[in-house]
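[1] sequence plus predicted model, see below.
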Amino acid sequence: EVQLVESGGGLVQPGGSLRLSCATSGFDFSTYAVSWVRQAPGEGLEWVSTVRRGGQLTYYADSVKGRFSISRDDAKATMYLQLNSLKAGDTAMYYCAKASAVSWADFEYWGQGIRVTVSS
C-alpha cells in the first residue's frame with residue numbers, strides 16, 4: 001500500500017521558516033518524482049515544487065522560487081520542503097504527492113496534508 005505522510009507544519013510568523021517532511025512507503029521511492037502541492041483556504045490546488053528521480057532536477061512555482069527548497073533522501077524514502085521568508089499568502093494545506101510512471105506532473109498518490117499558517 002502506497003503511503004505518504006507529511007509532518008512539520010504549524011504556525012509561524014511572517015518572515016519565519018519551516019521544514020516540511022514527507023515520509024513514504026509502499027513503493028520504490030528512488031524511481032519516482034515527488035512533489036508538493038498546496039491549497040489555501042477557499043482556493044484551488046496550487047502546484048508548489050517537484051524533485052525528479054535522482055534529485056538533480058527541481059522545479060518551483062514562481063510564487064515560491066527563491067524562498068522554498070525541495071530535496072529528497074532516497075535512503076529514507078523521504079522528501080522535504082524548506083520554507084523560508086514565509087508570507088501570509090503561504091498559509092495553506094500542504095500535500096506531498098507521488099508521480100505516476102507516465103509523467104512527473106501526473107500526481108498518482110497524495111498524503112493527507114499538513115497545515116501551515118503564517119500569521120503574527
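    Alright, I've got the coordinates.

[2] leaving out chain neighbours, which residue sits closest to the residue positioned nearest the centre of the chain?
    In the chain, the C-alpha nearest the mean C-alpha coordinate belongs to Trp36, at 2.7 Å (Cα atoms, centre = their mean). The shortest distance from Trp36 to any residue other than its chain neighbours is 4.3 Å, reached at Val48 (Cβ to Cβ, 6 or more residues apart in numbering). Glycine gets a C-beta too; all of them are placed from N, C-alpha and C.

[3] residue contacts, the one you found?
    Neighbouring residues of Val48 by Cβ atoms under 8 Å, 6 or more residues apart in numbering: 35-38, 60-61, 64, 68, 81, 94.

[4] can you lay out those as a markdown table showing secondary structure and pLDDT?
    Shown next, in a markdown table, are those (DSSP: H, G, I helix; E, B strand; the rest coil; pLDDT from 0 to 100):
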| residue | secondary structure | pLDDT |
| --- | --- | --- |
| Ser35 | strand | 97 |
| Trp36 | strand | 98 |
| Val37 | strand | 98 |
| Arg38 | strand | 98 |
| Tyr60 | strand | 98 |
| Ala61 | coil | 98 |
| Val64 | coil | 98 |
| Phe68 | strand | 98 |
| Leu81 | strand | 98 |
| Tyr94 | strand | 98 |
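
[5] now for these, which pair is the farthest apart?
    Tyr60 and Tyr94 (14.0 Å; Cβ to Cβ).

[6] compare neighbour counts for those two and give me the winner.
    Applying other Cβ atoms under 10 Å to Tyr60 and Tyr94 shows that Tyr94 carries more neighbours, namely 23 against 17.

[7] and the closest residue to that one other than its chain neighbours, how many neighbours?
    If the residues on either side of it in the chain are set aside, Tyr94 comes closest to Arg38, at 4.8 Å by Cβ to Cβ, 6+ apart. By other Cβ under 10 Å, the residues close to Arg38 number 23.

[8] residues in contact with the lowest-mean-pLDDT helix or strand in the chain?
    Counting by mean pLDDT, DSSP states H and E, the chain has its least confident helix or strand at strand 107-110, which shows a mean of 94. Here strand 107-110 makes contact (Cβ under 8 Å, 6+ apart) with 2, 4, 35, 37, 95-100.
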